[in-house]
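Student: give me a 3D structure for the following:
(4 chains)
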Protein chains: 4
Amino acid sequence: MVRVTVWNEFRHEREDEAAREQYPDGIHEAIAGFLEERGFDTRTATLDEPEHGLTEEVLDETDVLTWWGHIAHDEVEDEIVDRVQERVLEGMGLLVLHSGHYSKIFKRLMGTSCSLKWREDEERERLWVVEPSHPIAAGIDEYIELPDSEMYGERFDIPAPDTLVFTSWFEGGEVFRSGCCFHRGAGKVFYFRPGHETYPIYRQPVIQQVLANAVEWAAPTGGPDPEFGNREPLEPLD
Amino acid sequence: MVRVTVWNEFRHEREDEAAREQYPDGIHEAIAGFLEERGFDTRTATLDEPEHGLTEEVLDETDVLTWWGHIAHDEVEDEIVDRVQERVLEGMGLLVLHSGHYSKIFKRLMGTSCSLKWREDEERERLWVVEPSHPIAAGIDEYIELPDSEMYGERFDIPAPDTLVFTSWFEGGEVFRSGCCFHRGAGKVFYFRPGHETYPIYRQPVIQQVLANAVEWAAPTGGPDPEFGNREPLEPLD
Amino acid sequence: MVRVTVWNEFRHEREDEAAREQYPDGIHEAIAGFLEERGFDTRTATLDEPEHGLTEEVLDETDVLTWWGHIAHDEVEDEIVDRVQERVLEGMGLLVLHSGHYSKIFKRLMGTSCSLKWREDEERERLWVVEPSHPIAAGIDEYIELPDSEMYGERFDIPAPDTLVFTSWFEGGEVFRSGCCFHRGAGKVFYFRPGHETYPIYRQPVIQQVLANAVEWAAPTGGPDPEFGNREPLEPLD
Amino acid sequence: MVRVTVWNEFRHEREDEAAREQYPDGIHEAIAGFLEERGFDTRTATLDEPEHGLTEEVLDETDVLTWWGHIAHDEVEDEIVDRVQERVLEGMGLLVLHSGHYSKIFKRLMGTSCSLKWREDEERERLWVVEPSHPIAAGIDEYIELPDSEMYGERFDIPAPDTLVFTSWFEGGEVFRSGCCFHRGAGKVFYFRPGHETYPIYRQPVIQQVLANAVEWAAPTGGPDPEFGNREPLEPLD
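Tutor: Residues are numbered from 1 along each chain as shown, chains lettered A, B, ... in the order given. Now for the predicted structure:
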């Protein structure tokens, strides 16, 4: 059973009325709830816990970490970012959600600014599947329609994803690479665009399906643990 | 349970003494045997059967097709190649083995010559895992060593794979992209280099592991079935 | 000086009033004209010439071939398709324009159906640059806006491009990977979506700029000419 | 004329006899020398200069930066790493040479450990061209042979390159992705493996040719300068 730790900044839902209405127990509880229902072994962790809830012990028991943050990216300690990065490179899966594009951990793993265009205007978004054979598209229709969405637009300053699964259309005239797979070290990273704190995005079954698929995809698959450093030759040298 | 059809040209094993010794019942029976043991629902098909054993009915019940051919690529009917290509584009997985690089179906799906350098001199090959997070590398060490192998060397005239999982080192001085993943249509294709008809390659557990992993990876994942052609707008036009 | 052969089906412009109005001398003359102005050595070739104008001699003197076709893809002889494919694999650049997505040569080089959604409704298209560092985006703004465009929508059944340069937004709600780079053999292929026969697409300086950039990018760069087949070892074998 | 700044740690050549013999004026002078001869406008910068020689003014006049470092990666100030990263994301080309794989700037841009296997045993290396159509392979034979090379072996912990141009074979039994292209932000990055401080690697014309090709490829191409942040809609919203 894949073990998922659902991390959340958990500030909007305590400070903003609109966010609290959508997610009274926090976005993390909403995400952990539907993942639990879909058969994953879940726990949560939030920014204001000691070590942001991401102790070595918690990470030892985490196959896939999901990350939601927005207004407090800077409060995440560099030491914890180092730790999460190291775990990803060792094989832990990472799902970066929505405004998490600007988190320290995502920028660290991408090596770029991860900047984008944005607009908060409750406009229509349509996420088109561009790689239907990818397991993250399992059980999804040709597109996902979100009636009231925040806009994120290109240029999205990321490295070209190893696989591009979704591309978004926005009512206001923009496009966005909204479902992006990356291999980093021995780990897998999936960025998924939808997820604004005041819209009921995570209550939609189709969004839940994508995230459940992504957890399955990102879970470690038991590949080799590469050895680095000085090595003796495997063949006789001249 | 993933349903695998193991296709084999089945000529060497009936005509050449050395091949018959290695694979008295044919390479297809060897491959089907270990896949069956590993929990797949397998059947076989060979060149000299009607429709090469690849009738519409057989393909209807095939999730993943494996392909071994060498000296009779030209005897494969174009109509059957069309049929297999169509099935791959609709979602069937395809594993192309060793000398299958020159099969009509692989060249068709790649769009290139699929040419390479080769040498049959029983030399050492070492397949290095270059993408340890890929599920096809599950349970594999950092490298696979084959003591007596046929050499295939770069330039391998294929499109750059979507994911490169293995790269081979050869005693004689060459390298080769020996484990290559491709998405084509709604299907997945994996090319795997080892597998000469007179070497006991398919008896090695590590090779069997790679192929079992590849079957799992290539099996259809139930993504959307895209619609093509003329479409009404989803949004009002000016 | 890069030598470009501009190939055109040249049927619409002789048969349809609207197309003739836009391109009285044919789309090929329009394209060859602006490429000539931008410093390329151009010639044209059309379907109804002997060998479709693509004799061995013409191809010997062609660095980059551009391809426009629509209603007569099936009339292109397979022998000529073989010849063009071979030339691309040997290093000739190929620009496939608009409805050329369904040409025999593009389907041959892609290995997929190259199907897509389409609609002819004079709607707005906006091509966003998603890889600004690519030379094909030189001198282009963040997006190209086309007021009256034919819609092509995903799923576009192609292999994931080696580099995705443009993604289109359409007024009617679709997106499309509209500027796609591929390496095939020793050659480079660029697919560019805009270019309907009854819209003045090829008169727009920004479209001309993209095509000129693409010609530069696709021109052969003098890399090695790989040798294939049986090879002696470069190192002593055990 | 492309303006190149050749950066060097410049420690080995002042401290080690063997390195001084190979590169009496420093590796930077050797590289700048042959690039100058090949028509580039070059300057040099080294670790022990103020701001490591990479002032804002120098970077303002730099199209492509080359980076050689080995034993003093940690002495590079984070502020300068920030500055160089920002410049790359804005469009400056970067060539990372040999042991520069472990530099702060390369690890920063990759997001991974950039670890590898290594061995210093004067063994034979053969770099095979695997993508002959890439401009970095211009004028190069099918492979480059280096009689006395340091070994770098897979697993090389980098993101899969956007284009893999060279793969190395080593006498001792390893392979390595030794010529790797990456797009990062609006900039291009090329990693090239050869270049040990006590071997005459940079005196070899073929190595000089690869680096000159890479400078041309990495030079900014004048694409759009993306705007980020809050944007008004381009289309009327409901």
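Student: hey, let's count contacts and neighbours off CA atoms from now on
Tutor: OK.
Student: can you count the residues close to the residue nearest to A:Glu171 when sequence neighbours are not counted?
Tutor: Using C-alpha to C-alpha, 6 or more residues apart in numbering or on different chains and skipping the chain neighbours, the partner closest in space to A:Glu171 is A:Arg124 (5.3 Å). As a burial measure, A:Arg124 scores 20 neighbours (other C-alpha atoms under 10 Å in any protein chain shown).
Student: any idea how far the residue nearest in space to the middle of chain A is from A:Ile158?
Tutor: Nearest to the geometric centre of chain A sits A:Val96, at 1.8 Å (C-alpha atoms, centre = their mean). Going from A:Val96 to A:Ile158 by C-alpha to C-alpha, to the nearest Å gives 13 Å.
Student: now do A:His134
Tutor: On the measure of C-alpha to C-alpha, A:His134 and A:Ile158 end up 20 Å apart.
Student: could you do A:Lys188 as well?
Tutor: 15 Å.
Student: which parts of chain A sit against chain D?
Tutor: Counting by C-alpha under 8 Å from any C-alpha of the partner chain, chain A comes close to chain D at A:89, A:108-113, A:115-119, A:123, A:155, A:157-160, A:162, A:171-174, A:182-185, A:226-238.
Student: check contacts around the residue nearest to A:Ser103 when sequence neighbours are not counted.
Tutor: Of all residues not flanking A:Ser103 in the chain, A:His73 sits nearest, at 5.3 Å (C-alpha to C-alpha, 6+ apart). Contact analysis of A:His73 by C-alpha atoms under 8 Å, 6 or more residues apart in numbering or on different chains lists A:Tyr102, A:Ser103, A:Lys104.
Student: out of these, list just those in helices.
Tutor: A:Lys104 (DSSP state H).
Student: can you give me the strands for chain A?
Tutor: A:3-8, A:41-46, A:64-68, A:93-97, A:117-129, A:143-153, A:163-170, A:175-184, A:187-192, A:229-230 (DSSP state E).
Student: ok, back up a step: where's the residue nearest to A:Ser103 relative to B:Met1, distance?
Tutor: 44 Å.
Student: same thing with A:Glu17?
Tutor: Applying C-alpha to C-alpha to A:Glu17 and B:Met1 gives a distance of 49 Å.
Student: who has more neighbours out of the two?
Tutor: A:Glu17 (13 against 10).
Student: tell me how far stretch A:191-198 is from the chain's mean position?
Tutor: 9 Å (C-alpha atoms, centre = their mean, to the nearest Å).
Student: also stretch A:206-218?
Tutor: On C-alpha atoms, centre = their mean, the centre of stretch A:206-218 falls 10 Å from the chain's centre.
Student: does chain B sit close to that stretch?
Tutor: No - judged by C-alpha under 8 Å from any C-alpha, stretch A:206-218 stays clear of chain B, getting no closer than 9.0 Å.
Student: near chain C, which residues of chain A are found?
Tutor: Counting by C-alpha under 8 Å from any C-alpha, the residues of chain A that sit close to chain C are A:126, A:128-131, A:142, A:154-156, A:167-171, A:173-175.
Student: tally of neighbours for A:Ala30?
Tutor: 17.
Student: is the closest residue in space to A:Glu29 that isn't next to it in sequence bridged to anything, and to what?
Tutor: With C-alpha to C-alpha, 6+ apart as the measure, A:Thr44 is the residue that lies nearest to A:Glu29, at 7.3 Å, once sequence neighbours are left out. Beta-bridge partners recorded for A:Thr44 (DSSP bridges): A:Val6.
Student: need the contact list for A:Thr44.
Tutor: With contacts defined as C-alpha under 8 Å, 6+ apart, A:Thr44 is in contact with A:Thr5, A:Val6, A:Trp7, A:Asn8, A:His28, A:Glu29, A:Ala32, A:Gly53.
Student: and it, how far from chain C?
Tutor: 35 Å (C-alpha to the nearest C-alpha, to the nearest Å).
Student: check that residue and give its pLDDT.
Tutor: Per-residue confidence (pLDDT) for A:Thr44: 98.
Student: low pLDDT regions in chain A?
Tutor: Judged by pLDDT under 70, chain A has no weakly predicted residues.
Student: show me which residues of it sit near chain B.
Tutor: Residues of chain A lying near chain B (C-alpha under 8 Å from any C-alpha): A:91, A:129, A:131-135, A:137-142, A:162-163, A:183, A:185-188, A:220-226.
Student: dump the residue contacts of A:Asn225.
Tutor: Slight slip there: residue A:225 is Asp, not Asn. A:Glu90, A:Ala186, B:Pro132, B:Asp141, B:Glu142 are the contacts of A:Asp225 under C-alpha under 8 Å, 6+ apart.
Student: scratch that, A:Asp41
Tutor: A:Asp41 neighbours (C-alpha under 8 Å, 6+ apart): A:Met1, A:Val2, A:Arg3, A:Val4, A:Leu35.
Student: selection in ChimeraX covering whichever of those residues are buried, please.
Tutor: Applying 16 or more other C-alpha atoms under 10 Å in any protein chain shown to the contacts of A:Asp41 leaves a buried subset, and the ChimeraX line that selects it is:
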select /A:2,3,4,35
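Student: report the two of the contacts of A:Asp41 separated the most.
Tutor: Pairwise distances among the contacts of A:Asp41 were taken by C-alpha to C-alpha; the largest, 11.7 Å, belongs to A:Met1 and A:Leu35.
Student: neighbours of A:His12, just the number please.
Tutor: Neighbours of A:His12 using other C-alpha under 10 Å come to 20.
Student: thought A:Val88 was touching A:Phe182?
Tutor: No - counting by C-alpha atoms under 8 Å, A:Phe182 is not a contact partner of A:Val88; they are 11.2 Å apart.
Student: number of residues surrounding A:Glu37?
Tutor: Every residue meeting other C-alpha under 10 Å relative to A:Glu37 is counted, giving 10.
Student: any idea how far it is from chain D?
Tutor: Using C-alpha to the nearest C-alpha, which is the criterion applied here, A:Glu37 is 34 Å from chain D.
Student: circling back: can I get the contacts of A:Asp225 in JSON lines with neighbour count?
Tutor: Formatted as JSON lines, the contacts of A:Asp225 follow (neighbours: other C-alpha atoms under 10 Å in any protein chain shown):
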{"residue": "A:Glu90", "neighbour count": "19"}
{"residue": "A:Ala186", "neighbour count": "26"}
{"residue": "B:Pro132", "neighbour count": "32"}
{"residue": "B:Asp141", "neighbour count": "17"}
{"residue": "B:Glu142", "neighbour count": "21"}
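Student: okay, those in CSV with distance to D:Glu150 next?
Tutor: What follows is those, written out as CSV (distance: C-alpha to C-alpha, whole Å):
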residue, distance to D:Glu150
A:Glu90, 27
A:Ala186, 25
B:Pro132, 24
B:Asp141, 24
B:Glu142, 21
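Student: count of neighbours near A:Glu57?
Tutor: A:Glu57, neighbours per other C-alpha under 10 Å, totals 9.
Student: my bad, A:Arg155
Tutor: 27.
Student: now do the contacts for it.
Tutor: Neighbours of A:Arg155 in contact, by C-alpha under 8 Å, 6+ apart: A:Ser115, A:Leu116, A:Lys117, A:Phe176, C:Trp128, C:Val129, C:Val130, C:Glu131, C:Glu142, D:Pro226, D:Glu227, D:Phe228.
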